[in-house]
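Peer 1: need the 3D shape of this:
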Amino acid sequence: MKIWMLLVILTIVSAAPLRAEKMHLDVLLKEAEANNPAVLARRARWQAALGAATEAGGLPDPKLSVSVMPAALETRAGPVKGKASISQALPFWGKRGLREEAAQGRAGAAEAAYRAKILEVRSQLASTYYDLAFLFEARRIYAEQVELLRHFSRVAEKKYSVGRGAQAIVFRSQAELSRMKNEVFKAEQGAKSARARLAALLGREPAGLFGEPAGLPMPAIAWEKAALGARALSQRPELLALRALENSSEAERRLTLRRWFPDFTVGYERTAIGAGTTNAMFDGKDAQGVTVGLSLPLWFGRNRAGVARGKDARRAAAFDAAGLEYDTRADLETLITDAETFLELAQVDENTVLPQVRSAVQATLSGYEADTASFVDLLDAERAQLVTELGHAMHKSMFWKTSARLERVVGGPL
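Peer 2: Residues are numbered from 1 along each chain as shown. This next block holds a predicted model:
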């Protein structure tokens, strides 16, 4: 092959636009879980709460004390040069365990909040993805209508040229064509906004998001209503968080009851004694001692207030959980009803309405060409097809968006 031919081929290949890969929702969901800033923040809070739970069960630090005498204090064994002591506080039996239990409850709530944030981001991302998929589908529908209107315009111009149509019909067909081009532009602009929202959920810059959604599949239901209800009440993260807080509040209440019991302190003390100043047999011998102390829980008002606070906190968490259970049942019923509605509408569109309106456009076009139908009839048929095509795409998009919201309520993928 000659050099100039090879250069031409390379130039053509390099100038050809690269085809963007399709965006698949499952891949984007995994990326959002790994990179979304809000998810990462909730995860860090959960890890911090786990550390706090470990810390809560530990003993307080021991205390070391050293004293140096600026002036000698004479004793029978000799002058006191200094003292050193070490002590350890020991909470009453059960207090450490209850502190740890309360902190573990808060850590459980933090974990549930982390899981809830993942589901929230997944739902938002899926909703935005299907919004974008609808806009791409709308752009395709508008583009097809543009080609159809161009054909209408050519037919109107041909009829006008042979004296079988009015010039006003030609102008009207061109106006409809321009209006449809504007709809294509609006869909493209809407897609740009949806891409920006999608990029934010993925933790990316908007310019770094390429490709288009893989499409809008036909709706399909693969769940049982009763199973979803039981799953939502047992797995919804917000409910799990409230139940964890209720357990934490109960542990704190029991811990407050133990304030009526004293904490202990044990210690060891050694006093350094100087030698050579007495004739006693214990001359210069250091003094040693063991100390035992306890706290005096005398502030009864504070203790009673702490017990009451623990009871109120537990009751508040229980009421919040009960309220959310009612809301969960209502949300579940509403979302399942919406999903079933959009499924039915999409199936009717696919199997009945769309074939009818498409046939109506072809029949009306043939009638217009044969002067048995007016141009107004033709535009009415075209608009009916456009509305039905867009409605079909919208019903599919709304079904999948509703399914994404349903996943958030039941606590995970359907």
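Peer 1: hey, where'd the strands end up in the stretch 251-400 of the chain?
Peer 2: 264-273, 287-294 (DSSP state E, counting those that start in this stretch).
Peer 1: switch these over to CSV; also include mean pLDDT, distance to residue 188 and mean neighbour count.
Peer 2: Heads up, the C-betas are built off the backbone N, CA and C, glycines and all. Below are these laid out as CSV (pLDDT from 0 to 100; distance: least, Cβ to Cβ, whole Å; neighbours: other Cβ atoms under 10 Å):
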stretch, mean pLDDT, distance to residue 188, mean neighbour count
strand 264-273, 87, 75, 16
strand 287-294, 86, 77, 11
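Peer 1: out of those, which is closest to residue 196?
Peer 2: Proximity to residue 196 (Cβ to Cβ) singles out strand 264-273 among these, at 61.6 Å.
Peer 1: next, the angle strand 287-294 makes with that closest one.
Peer 2: Here strand 264-273 points in a direction 160 degrees away from that of strand 287-294 (axes from the mean of the first three to the mean of the last three Cα atoms, to 10 degrees).
Peer 1: so which elements touch strand 264-273?
Peer 2: strand 78-90, strand 287-294 (3 or more Cβ pairs under 8 Å, 6 or more residues apart in numbering; DSSP states H and E).
Peer 1: ok now the helix or strand following the longest one, how far from the chain's centre?
Peer 2: What it means is strand 78-90. Downstream of strand 78-90, the next assigned helix or strand under DSSP states H and E is helix 95-161. Distance of helix 95-161 from the chain centroid (Cα atoms, centre = their mean, to the nearest Å) equals 13 Å.
Peer 1: could you pull up the mean pLDDT of helix 95-161?
Peer 2: Averaged across helix 95-161, pLDDT comes to 87.
Peer 1: list the helices and strands that helix packs on?
Peer 2: helix 25-35, helix 37-56, helix 167-202, strand 212-213, helix 237-257, helix 354-369, helix 375-410.
Peer 1: for the fourth one, give me every contacting residue.
Peer 2: Counting by Cβ atoms under 8 Å, 6 or more residues apart in numbering, the neighbours of strand 212-213 from elsewhere in the structure are 20, 22, 23, 25, 129, 130, 132, 133, 136.
Peer 1: make it 7 Å
Peer 2: 20, 22, 23, 129, 132, 133, 136 (Cβ atoms under 7 Å, 6 or more residues apart in numbering).
Peer 1: quick revisit: with distance to residue 235 added, can I get the strands of the stretch 251-400 of the chain in JSON lines?
Peer 2: As requested, the strands of the stretch 251-400 of the chain are arranged in JSON lines below (distance: least, Cβ to Cβ, whole Å):
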{"stretch": "strand 264-273", "distance to residue 235": "44"}
{"stretch": "strand 287-294", "distance to residue 235": "47"}
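Peer 1: without its sequence neighbours, what residue ends up closest to residue 261?
Peer 2: Excluding its sequence neighbours, the residue lying closest to residue 261 (Cβ to Cβ, 6 or more residues apart in numbering) is residue 92, at 4.3 Å.
Peer 1: no, scratch that, I was asking about residue 190
Peer 2: Using Cβ to Cβ, 6+ apart, the closest residue to residue 190 is residue 135 (4.9 Å).
Peer 1: test my guess that the one you found contacts residue 186.
Peer 2: No: in this structure, residue 135 is not within contact of residue 186 by Cβ atoms under 7 Å, at 9.2 Å.
Peer 1: the two: which is more packed in?
Peer 2: residue 135 (24 against 14; other Cβ atoms under 10 Å).
Peer 1: quick one: the more buried one from residue 212, how far?
Peer 2: Distance, residue 135 to residue 212, using Cβ to Cβ, to the nearest Å: 10 Å.
Peer 1: and what of residue 409?
Peer 2: Taken as Cβ to Cβ, the span from residue 409 to residue 212 is 29 Å.
Peer 1: more neighbours: those two, which one.
Peer 2: Neighbour comparison, residue 409 and residue 212: the larger count goes to residue 409, with 24 against 16 (by other Cβ under 10 Å).
Peer 1: what sits against that one?
Peer 2: 232, 236, 328, 331, 332, 335.
Peer 1: next, format these as TSV and append neighbour count and distance to residue 149.
Peer 2: What follows is the contacts of residue 409, written out as TSV (neighbours: other Cβ atoms under 10 Å; distance: Cβ to Cβ, whole Å):
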residue	neighbour count	distance to residue 149
232	20	48
236	26	50
328	19	49
331	18	43
332	20	45
335	20	39
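Peer 1: so which of these sit within helices?
Peer 2: Per DSSP state H, helices hold the following members of the contacts of residue 409: 232, 328, 331, 332, 335.
Peer 1: list the contacts of the closest residue to the last one other than its chain neighbours.
Peer 2: Here the nearest residue to residue 335 in space, its sequence neighbours aside, is residue 406; by Cβ to Cβ, 6+ apart that works out to 4.6 Å. With Cβ under 7 Å, 6+ apart as the criterion, the residues that contact residue 406 are 335, 339, 414.
Peer 1: make TSV from the helices and strands packed on strand 264-273 and add distance to residue 119 to it.
Peer 2: Below are the helices and strands packed on strand 264-273 laid out as TSV (distance: least, Cβ to Cβ, whole Å):
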stretch	distance to residue 119
strand 78-90	43
strand 287-294	50
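Peer 1: with that, I have no additional questions.
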